[in-house]
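[1] no sequence for this one, just the structure:
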């Protein structure tokens, strides 16, 4: 699974056969498709293209169950609901993301919007919008900054880096290390990101946050440094989105709520204090809408409150 797909089935078959992976002295057969945890993978399709929508579908059910249970027992506190998302939803959503999510993580890290637009990322953002009670048009950067949640691409990139480190610690000749070495050998910058090997995608993701991964001389990734670099990249994405212009709600959030002088990587990962202090969702919504600009416009506000 450390080898991503190619444009055609024939090319993918050749790629897998060229890897020459062995187990117990026997060469592993290359197959054009397989099924794992209920998800069908095909050799001509990148792993993320098959896994992200399937994991999002399963996680959506978990999210609805989580919300239903919270309503039944009267759980409204934002910190509790955020922890429940990590326990009940993200555990389903990001299962195996260290393998299939690294392509999406690299794409999202490079994009000024901070998202690859996958179904999995949309699910996380929809949960945060519902938690805050804000409009669909609320900027993603504001959602993440308000709640102190890390975007999925950061979680996935960290998980992939941990897998990289773990693989380097494996005994020489193990199946996992064979797969990693083959992935490194298959790295080719001439192909699009979706057709790159897992190692090349990881290197691209780390490069997007300002860290270099030498595939010729593999070395462990410093996870602490990765966390700090990812926060710096998240801040840069926010600033890039501001520079493009036209993002009136984001401009309002940065200049009138946070304060341009207070922009710093450390602001990410820490939720706003009112989310801890205000337990009732109805009271919390008013504050969140005011801070994110969801209250703007008489006509818009009328639709928001369902007035004719």
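    Ah, there it is. Note that the structure is predicted; figures quoted are calculated from it, not measured. Numbering: from 1, shown residues only.

[2] ok, now which ones touch the nearest residue to residue 96 once chain neighbours are set aside?
    Among residues not flanking residue 96 along the chain, residue 51 sits closest, at 6.8 Å (CB to CB, 6 or more residues apart in numbering). Where you see a C-beta, it was placed from the backbone N, CA and C, and this is true even at glycine. Going by CB atoms under 8 Å, 6 or more residues apart in numbering, residue 51 touches 39, 41, 96-97, 100-101.

[3] buried residues in the helix or strand where residue 230 lies, which are they?
    Using DSSP states H and E, residue 230 sits within helix 223-244. Buried residues in helix 223-244, counted by 16 or more other CB atoms under 10 Å: 226-227, 229-231, 233-238, 241-242.

[4] out of those, which one sits closest to residue 76?
    Among the buried residues of helix 223-244, residue 234 lies closest to residue 76 (CB to CB), at 28.1 Å.

[5] tell me the pLDDT of the residue nearest to residue 96.
    pLDDT recorded at residue 51 is 83.

[6] got a list of what the residue lying closest to residue 93 once chain neighbours are set aside touches?
    Distances taken as CB to CB, 6+ apart place residue 59 nearest to residue 93, at 3.7 Å, with adjacent residues excluded. The contact partners of residue 59, taken as CB under 8 Å, 6+ apart, are 89-90, 92-93, 120, 123.

[7] state the mean pLDDT of stretch 212-220.
    92.

[8] before we move on, what about stretch 130-145?
    Mean predicted lDDT for stretch 130-145 stands at 91.

[9] phi and psi next, for residue 33.
    When read as degrees, to the nearest 10, the backbone of residue 33 gives phi -160, psi 160.

[10] and it, bridged to which residues?
    Going by DSSP bridges, residue 33 is paired in beta bridges with residue 42.

[11] element containing the residue nearest to residue 295 when sequence neighbours are not counted, please.
    Excluding its sequence neighbours, the residue lying closest to residue 295 (CB to CB, 6+ apart) is residue 289, at 5.0 Å. Using DSSP H and E, residue 289 sits in helix 281-292.

[12] please apply the same query to residue 50.
    Judged by DSSP H and E, residue 50 forms part of helix 47-73.

[13] so residue 157 sits in a helix?
    Yes: counting by DSSP: H, G, I helix; E, B strand; the rest coil, residue 157 falls inside a helix.

[14] surely it and residue 223 touch.
    No: under the criterion of CB atoms under 8 Å, residue 157 is not in contact with residue 223, lying 10.3 Å apart.

[15] dump the contacts of residue 51 into a markdown table; add neighbour count as well.
    Below are those laid out as a markdown table (neighbours: other CB atoms under 10 Å):
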| residue | neighbour count |
| --- | --- |
| 39 | 19 |
| 41 | 20 |
| 96 | 15 |
| 97 | 26 |
| 100 | 28 |
| 101 | 32 |
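
[16] just to revisit the earlier point, what residues does the following helix or strand past the helix holding residue 230 touch?
    Downstream of helix 223-244, the next assigned helix or strand under DSSP H and E is helix 248-252. Helix 248-252 is touched from outside by 137-139, 141-142, 238, 241-242, 292-293, 296, with contacts defined as CB under 8 Å, 6+ apart.

[17] do stretch 281-299 as well
    Residues contacting stretch 281-299 (CB under 8 Å, 6+ apart): 76, 78, 132-135, 137-139, 142-143, 146, 248-249, 252-253, 257, 272, 274-275, 278, 301, 304.

[18] go with 7 Å
    76, 78, 132-135, 138, 142, 146, 249, 252-253, 257, 274-275, 278, 301, 304 (CB atoms under 7 Å, 6 or more residues apart in numbering).

[19] restricted to buried residues, select those in PyMOL.
    Here is the PyMOL command that selects only those of the contacts of stretch 281-299 that count as buried (16+ other CB under 10 Å):
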select buried, resi 76+78+132+133+134+135+138+142+146+249+252+253+257+275+278+304
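
[20] before we move on, back to that, just the contacts of residue 59: which has the poorest pLDDT?
    Lowest pLDDT within these is found at residue 120 (90).

[21] can you confirm it is in a helix?
    Yes: assessed with three-state DSSP, residue 120 lies in a helix.
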